[in-house]
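Peer 1: model this:
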Amino acid sequence: MMGVNFRFTPQKPIRPSGLGYGCTADKFNWPPILERAQEWTVLHPGMSLSVRDTIALMHCKCKTPGRHEFWAAYLPPDVSPEDKEVLSKAGIDFPHVPLESAHVTYMKRR
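Peer 2: Prediction:
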């Protein structure tokens, strides 16, 4: 699963802080793992992925003064040990641990 996360801290502490996210995920257990893997986006060393989304879909109040922090996160697919073996035999490798991009932060003053 790949997600775009954000954290908002208002300039005036009267308002509550917010945390949000958007994501895409693998299907669970069906169809068979090799069919699901064909839909995966594979990034090889040196490659990157650009994702465009609207702030409205992320429910971000980005027009509000405060600190806005965005980052991407990866959670590995939740596959059974048997499916991991099938993927390995097919030469399909993927990160098996969560990963996180650098955080991008900006301050909106007004």
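
Peer 1: from here on, contacts and neighbour counts on C-alpha atoms
Peer 2: OK.

Peer 1: now the nearest residue to Ser101 once chain neighbours are set aside, which residues is it bridged with?
Peer 2: In space, and not counting its chain neighbours, Ser101 is closest to Ala72: 5.3 Å by CA to CA, 6 or more residues apart in numbering. In this entry, Ala72 is beta-bridged to Val4, by DSSP bridges.

Peer 1: residues contacting Ala72?
Peer 2: Listed by CA atoms under 8 Å, 6 or more residues apart in numbering, the contact set of Ala72 reads Met2, Gly3, Val4, Asn5, Glu100, Ser101, Ala102, His103.

Peer 1: so how far is Pro31 from it?
Peer 2: Ala72 is 27 Å from Pro31, where distance means CA to CA, to the nearest Å.

Peer 1: any regions of the chain where pLDDT drops low?
Peer 2: By pLDDT under 70, the weakly predicted segments of the chain are 13-30, 53-62.

Peer 1: for it, longest helix please?
Peer 2: Longest among the helix segments of the chain by residue count, using DSSP state H, is helix 81-89.

Peer 1: show residues contacting it.
Peer 2: Ile33, Leu34, Asp93.

Peer 1: from the chain's centroid, how far away is stretch 35-43?
Peer 2: 16 Å (CA atoms, centre = their mean, to the nearest Å).

Peer 1: any buried residues in that stretch, and which?
Peer 2: For stretch 35-43, a neighbour-count test (16 or more other CA atoms under 10 Å) marks Ala37 as buried.

Peer 1: please apply the same query to stretch 73-90.
Peer 2: So, applying 16+ other CA under 10 Å, buried residues of stretch 73-90: Ala73, Tyr74, Pro76, Pro77, Lys84, Leu87.

Peer 1: again with stretch 97-107
Peer 2: Per 16+ other CA under 10 Å, stretch 97-107 contains these buried residues: Met107.
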